[in-house]
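# fold the following.
(chains A, B and C)
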Amino acid sequence: MSAAVPTLVLVTGPEELRAERAVDSVVEAVRTSDADAEVVHVHTESYQPGELMVHTSPSLFGGWTVLVVHDLDEADDALVEDLSGYLDQPADGVTLVVLHKSGNRGKRVLDALKKSGARVIEAKAVKTERDKHDFVTEEFRSARRKIAADAVGALVLAVGKDLRELASACEQLIRDVEGLVETEDVTTYYGEKVETTGFRVAEAALGGDEARAMALLRHAMLGGLDPVPIVAVLAMQLRQVGKVATAGRGSSAQLARDLGMAPWQVDAARRASQGWDGQRLGAAIQAVAQADVDVKGGVRTEVAVRSPEYAVERAVLTVCRLAQGDGRP
Amino acid sequence: MKFRVERDVLSEAVAWVVRGLSNRPPVPVLAGVLLTADPEGTLTFSAYDYEVSATVTVEAEVAEGGQVLVLGRLLADIARNLPAKPVEVSTDGAKVSLTCGSSRFSLIQMPVADYPQLPNQSETSGSVPGDAFTQAVTQVSIAADRGDTLPILTGVRVEIDGEKITMLATDRYRLAQRELTWSPGSTDAEHVCLIPARTLSETAKSLGASAAVDLSLGEAGRGDGLVGFEAGQRRTTTRLLDGEYPKVTSIFPSSVDSVAVVDTQVFIEAVRRVALVAERNTPVRLRFSEGQLAIEAGTGDDAQGSEAIESTLEGPEIEIAFNPQFLLDGLGVLGQPYTRLSFTQSSRPAVISGQAELDGDADDSYRYVLMPVRFAG
Amino acid sequence: MSVFDQLVGQPRVVSTLRRASTEPAAMTHAWLFTGPPGSGRSVAARTFAAALQCEGAGGVQVGCGECQPCRMVMAGSHPDVRVVDTDQTFIKVGEARELVLEAQARPSLGRWRVMVVEDADRLNDHSANTLLKSLEEPTARTVWMLCAPSLEDVLVTVRSRCRHVRLGTPSPHAVADLLISRDGIDPSMAHYAARAAQSHIGIARRLATDEHARARRREITSIPTGLASLGDALRAAQDLVDEAGEGAKATSADHAEEQRRELLTQLGADLTARTQPPSVRAHLRRLDDRLKAEARRQQHDSIDAALTDLASVYRDALLVTAGSGLDRVNASEPEQIQLLARSFSAEQLLLALETIGEARQRLIANGAPLLVLEAMMIGLLLPRG
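This is a model prediction of the structure:
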C-alpha cells in the first residue's frame, strides 16, 4: 500500500452528498493500490458490540478493507468504546473512515482521530442560492464542460432543492447534451418540475397577469403537481423581489454577494419589482404566508391534498390584484 | 379424472412435493399441488413457489386421465392420516373426492388455468452418488454467507470439469471446498453455476437418500437460470444466482509451516466448552506446542476459560485465534475421526482437513480454510 | 392490442418504456414511476415488466398482451416478476433484505428479473439503505421498478439512483379517445364524460354509459344556481346523502360476494361450506376487514366525488371571471356557469370553494355527512338581489 493511501479519515460536516463523495474518493484512492479492496459500512442504528473487531479482522480475500462508520454523531457507547479501542491499536490493511455531521457526541473519538493524524475532509453544507450556483458551475468545470449562466439559474431553480438531485441533473445534462448547455436544455429535461411551474406562476402573478397565472396554476394542479412547493417558490420569489427592491442601487454582482443570491436572480428580481411598492409587496408576502399555513394544514388527509388548491389560488389571485395596484382582491 | 393409488405411495409423494411449499406463497394459487393422471398408468404431483419446483411421478391405476389442482398441505395432511388401504380419487364437479376404506373426503378444485407452468427440466448432464452429494452439500453450504452485503456469497459455486465436481462457498472469513467425482454425460463437460446455499441443502436433504442424483445444468440462453436435480421419479429445479463470483483460488495457502493433528471429537467438545463461557464475538485462542494444544477464550488477563488436549505438532509452535463458531462449523462437518490443521503464520489462513488415522495421510477432498482473527498480544 | 393500451393519455411514458424494452441503449436497471393517485403508476410498472418479458412480435409491438409471458405478468403470476405491495406503514428491513437476495437470482423463465416495489414511499431510511447497493448495481438481468405518488415521497438516496418516469393526469381528450375506441361510446358523449369526470377514467366511463350517473351529475352541477333559500339548501344536502348511501350499498354487496368467491376459489376452499377450515377463516377475516373499510370509504368517496363536481362549477365560474380562456370542466352547461359568474364576484366564488373545501375536511374528520352538507349548502346560498 503506497503512502498516498490514508488509514484514518475523518469526514466532518452535514452535507451528505459531499460526505459520500469524500468516502468515494477515499475508496478510489485505496482501489488504485488494491483494486479488490472491500468496503464495509457500519451504521450506528444497527451496531452490535464487537462488530468493529470482526470487520477489521482480515478476510480471506486478503486485500484492503475500507471500513466506513456512519453517523458518529449518533453513536452509542458501545461503538464509541470499540472505536476508541481500535484507535489505540489500529489493524493492518484497514482504512477507517468515520463520518461525523456535527455536534459534540463522539468527541472522544474525534479527538483520538485527530491526534492519530487522521486525514480530515470537510463536507460543508450547500445552503444559499449562491452555494448551489457555485456547485453547479464546479460540477461542469470538473467535467470540462460549459453551461450558460442563466441555464445554471434555471437548473438550480428546477432541481436545486436537493443537492443530490442537482448533482444527478448536472450529470445527466453533461451526459446527454452536447456542447454548451443552455436554458432550453434544462427546460427540456426538467421543465415539468414543480419548481419551474411555481416560478412561472409566480412570474405571472408578480406581473399582475391574472389570467395567465390562474391558467398556469390550474394546469399545474390538473397535472397533479403538489401545491406545497408552488407556494414555496411563490414565497421565495416575493422574498427576493422584496430584498432586491429594498436594497437600493449597486451592481448586480455586489447585491448578489450581499444577499446570497446569484447575479441573474438579482436581475430577474429587479425586473419583477417594477410597479410594486413596499406596502403591497408586504401584503403579498402575508397572503402567501397564509397560504403556506393552509396548504400544510392537513397534508396528511385526503381532502387536504385537494383543498390546498384553494389556498394557492387565493394567494395567487391576491398577488395578481396587488400587482395591479388594487390593494385587496 | 379418476385413479386408484396405494395410501403409502400417495402420502409419500404428496409429502415430498409440498415440503418446500411456502406458508406465504407469492400468489394464493401456488399453495396448490397439481395432480396429473395419465391413462398410461402414472400419476404426477407438482408444486412450485417460483424459487423451487418439485415433481414426482408414481404408478397408479388410472381409469380416466385428467388434471386437478388442490390445496397441497391439506392433501398431505389427509393422505398422512388415511388408513393403509388403496385410495380412490376422482373429480366430482367442482370438487375432488377421495375415498379410502370407509373414509371420504371432498377437496375443492383450485383453478388449474391460473397455475403457472412449471419450469422445463433440461436434459440430464450427469449423475452423482446420493450420499456423496448430500455430504458435499452439507460440508460446503455451512460456509456460505447469510447476510446481504454481498448477495452472491449466499450461493454455492459448483464447477464441473469432466469427471470432477468442485463445490465451494465462502463468506469471506472462511471457505469450504469439496471435490467429488461423478459420471458426466460427456467427459468434456464444463460448467459453472451458482446455486443458493439454502435451497441446495434442502434439495440435498430431500434427494440424498437415493442411490444417485442426476443433475441438469441447462444450456446457454433460455433455461440457463435454473438447475435441475432428479432422483428416481423425483425431480426438482432451483433458480440460480447471477453475477461474478470472487476469485478464490489464491486463498489456499501455497506453503505449510506447522501441521497439527488432533482427535476431532475431543477437539470439538473442548472448543465448545471454552467458548461457552466467553462473550459473543470473543475469539478462542489455540496454542500448539509439542504434544499439546491449549485452548483459551477471552483476552489477556480476562481469560474466561481454558483447556488442554493432546495434539501432534510438526514444525514451529504457533498461537492463533479463531471465531469459535466458525471453527466449530468446520469441525462439525469434517466427517473424519482426526482433524489436521495446517498453518503458516498466526495472521494467515489455516487449512482444516480430515484424516482417518492419527498418523495417516490427509484427505484433501474437503478443505475448510479459516481466517484467524486479531487478538490483543 | 398492446399492454401499453392500459396507459391512457401517457404517450410520452409509453414511448419511453417502449424504447427501453426494445433498444438496449435506452434501458436502465432502476426506474421510479410517480404520478397522482389513479394515474396508473403500478399499471405502468406492470406493463413495462410485461413488455420486457414479452415473447410476441417485438418491435413496436413489444408488450403484445397476447403471449403467455405478457399474460402472466399482467395476471401477477410470472415467476420472474416480483410485485411488492404492503399494507404496513413501512417496508421492514427484513423484507428489504429478502428482496435484495431475490434480486440476485437469475430469471428462471424470462429475460429479466423484475422487482416492482409499489409503495416506494414506504421505504424508511433503514430499508432504503438495504436496497441501495442492489438499486445501484444490480446483476445484469435484474430491473428495479419503484412506484410512489411523487418524487418528494421517496428518499433522495433512492430516487437519485433511478430513472424517473412521471405519469400525469391524462388529458380529457385522451380519456375520450379511450372511451370511443375501447367502449364504443359516441364521440360527443365521450368528450362530455371525459371533461366532466376531470379525466378520471372510471368516472368518465360511468358517466358515458350510465344515464343515472349523468342525471345525478346534472343534479349536482345545477345545485349552485338553485340555492335561493334555506329550504333549497337543506333539500340539496339530503338528496346528496341519500344518493351516496344507496349507491354505496348496492355496489358493495355485489362486490363483497364476488371477492369472497374469488378468494375461496383461489384457496381451494368449499364455496358452500357452512364453516371453513381455520387457515381459510383467517383469510376470510382479513377480507371482511378490508371490505368494511372499503364500504366506509366508498360512501365517503361518493360524497366527495359529488363535492368535486360541485366545486368544478365554481372553479369554471372563477375562470370566466378571471377572463381565462381555459377549457371548462362543465362546458356543456355554459348558462349555469355564466349565471354563476354574474351572480358571484371572484372573491365570493373563492369563498364558495372554501366552503366546499371545509365541508370535505369535516367529512374526513368524521363529521355527520348530512349535517356537514347542510352547513355547506347554506354557505353556498346565492347572494341576495
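
# for chain C, which element, helix or strand, carries the lowest mean pLDDT?
Across the helices and strands of chain C, mean pLDDT, DSSP states H and E gives its lowest value to helix C:230-267, namely a mean of 74.

# helix, strand or coil for C:Asp327?
For C:Asp327, the secondary structure call by DSSP: H, G, I helix; E, B strand; the rest coil comes out as coil.

# please name every helix or strand in contact with the least confident helix or strand of chain C.
In this structure, helix C:230-267 makes packing contacts with helix C:211-226, helix C:278-322, helix C:369-379, judged by 3 or more CB pairs under 8 Å, 6 or more residues apart in numbering or on different chains; DSSP states H and E. In short, each C-beta sits where N, CA and C put it, glycine included.

# can you redo those as JSON lines with mean pLDDT and distance to chain A?
Shown next, in JSON lines, are the helices and strands packed on helix C:230-267 (pLDDT from 0 to 100; distance: least, CB to the nearest CB, whole Å):
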{"stretch": "helix C:211-226", "mean pLDDT": "87", "distance to chain A": "16"}
{"stretch": "helix C:278-322", "mean pLDDT": "78", "distance to chain A": "5"}
{"stretch": "helix C:369-379", "mean pLDDT": "76", "distance to chain A": "11"}
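
# tell me which of those sits nearest to A:Cys170.
Shortest separation from A:Cys170 across the helices and strands packed on helix C:230-267 is recorded for helix C:278-322, at 38.6 Å, computed as CB to CB.

# in stretch A:272-286, what counts as buried?
Applying a neighbour-count criterion of 16 or more other CB atoms under 10 Å in any protein chain shown, one finds A:Ala272, A:Ser273, A:Trp276, A:Arg280, A:Leu281, A:Ala283, A:Ala284, A:Ile285 buried in stretch A:272-286.

# ends of that stretch, what's the gap?
For stretch A:272-286, the first and last residues are 18 Å from each other (CA to CA, to the nearest Å).

# hmm, it in reach of chain C?
No. With CB under 8 Å from any CB of the partner chain as the criterion, chain C is not reached by stretch A:272-286; the gap is at least 15.0 Å.

# one step back: nearest to C:His29, out of the helices and strands packed on helix C:230-267?
helix C:278-322 (34.2 Å).

# re earlier: farthest-apart pair in the buried residues of stretch A:272-286, please.
A:Ala272 and A:Ala283 (16.0 Å).

# can you show me the strands along chain A?
With DSSP state E as the criterion, chain A has strands at A:8-12, A:38-42, A:65-69, A:94-100, A:119-122.

# need the distance between the two termini of stretch B:254-271.
The first and last residues of stretch B:254-271 sit 27 Å apart, counting by CA to CA.

# I'd like the helices and strands packed on helix C:230-267 as TSV, with distance to chain B and mean neighbour count appended.
TSV is the format used below for the helices and strands packed on helix C:230-267 (distance: least, CB to the nearest CB, whole Å; neighbours: other CB atoms under 10 Å in any protein chain shown):
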stretch	distance to chain B	mean neighbour count
helix C:211-226	33	17
helix C:278-322	8	18
helix C:369-379	36	20
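
# so who does A:Ala284 touch?
For A:Ala284, the contacting residues are A:Leu238, A:Thr318, A:Val319, A:Leu322, A:Ala323, by CB atoms under 8 Å, 6 or more residues apart in numbering or on different chains.

# B:Gly354 reaches B:Asp361, doesn't it?
No. Under the criterion of CB atoms under 8 Å, B:Gly354 is not in contact with B:Asp361, lying 10.9 Å apart.

# how about the helices and strands packed on helix C:230-267 in a markdown table, adding distance to A:Asp71?
Listed next are the helices and strands packed on helix C:230-267 as a markdown table, based on distance: least, CB to CB, whole Å:
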| stretch | distance to A:Asp71 |
| --- | --- |
| helix C:211-226 | 54 |
| helix C:278-322 | 39 |
| helix C:369-379 | 47 |
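
# which one of these lies nearest to B:Cys193?
Between B:Cys193 and those, the shortest gap by CB to CB is with helix C:278-322, which sits at 36.5 Å.

# what pLDDT does the residue of chain A found nearest chain B get?
Among residues of chain A, the one nearest chain B by CB to the nearest CB turns out to be A:Gly50. It sits 3.3 Å away. If you check A:Gly50, the pLDDT there is 72.

# near chain C, which residues of chain B?
Residues of chain B lying near chain C by CB under 8 Å from any CB: B:26-29, B:31-32, B:48, B:50-51, B:69-71, B:74, B:94-95, B:106-111, B:114, B:116-117, B:119, B:148, B:151-152, B:154, B:196, B:224-226, B:237, B:239-243.

# can you do 7 Å?
Applying CB under 7 Å from any CB of the partner chain, we find that chain B lies next to chain C at B:27-29, B:32, B:50, B:70-71, B:107-108, B:110-111, B:114, B:116, B:119, B:148, B:151-152, B:154, B:225-226, B:239-243.

# surely B:Val70 touches B:Val33?
Yes. Taking contact to mean CB atoms under 7 Å, the distance of 6.5 Å between B:Val70 and B:Val33 places them in contact.

# tell me which of these two has more neighbours.
Here B:Val70 and B:Val33 are compared on neighbour count by other CB atoms under 10 Å in any protein chain shown; more neighbours surround B:Val33, at 27 against 22.

# what pairs with the stretch of helix or strand that one belongs to, parallel or antiparallel?
Taking DSSP states H and E as the definition, B:Val33 sits inside strand B:32-38. As defined by DSSP bridges, the strand partners of strand B:32-38 come to strand B:42-48 (antiparallel), strand B:66-71 (antiparallel).

# and it, average pLDDT?
The average pLDDT for strand B:32-38 rounds to 95.

# stretch B:244-263 now?
In this model, stretch B:244-263 carries a mean pLDDT of 91.

# and C:Thr308, how far from C:Ile356?
Separation of C:Thr308 from C:Ile356 (CB to CB, to the nearest Å) stands at 9 Å.

# so what sits against both of those two?
Residues touching both C:Thr308 and C:Ile356 do not exist when contact is defined as CB atoms under 7 Å, 6 or more residues apart in numbering or on different chains.

# before we move on, the earlier item: B:Gly354 and B:Asp361: who's more crowded?
Residue environment comparison for B:Gly354 versus B:Asp361 gives the larger neighbour count to B:Gly354, 23 against 9, counting by other CB under 10 Å.

# next one: the host helix or strand of that one, is it in contact with chain A?
Using DSSP H and E, the element containing B:Gly354 is strand B:350-355. No. Looking at strand B:350-355 against chain A by CB under 7 Å from any CB, there are no contacts, and the closest approach is 10.8 Å.

# name the helices or strands packed onto that strand?
Here strand B:350-355 is seen to pack against strand B:338-343, strand B:363-370 when contacts are counted using 3 or more CB pairs under 7 Å, 6 or more residues apart in numbering or on different chains; DSSP states H and E.

# show the pLDDT at residue 18.
All of this is about chain A. Looking at A:Arg18, its pLDDT stands at 90.

# actually chain B
At B:Val18, the predicted lDDT confidence score is 91.
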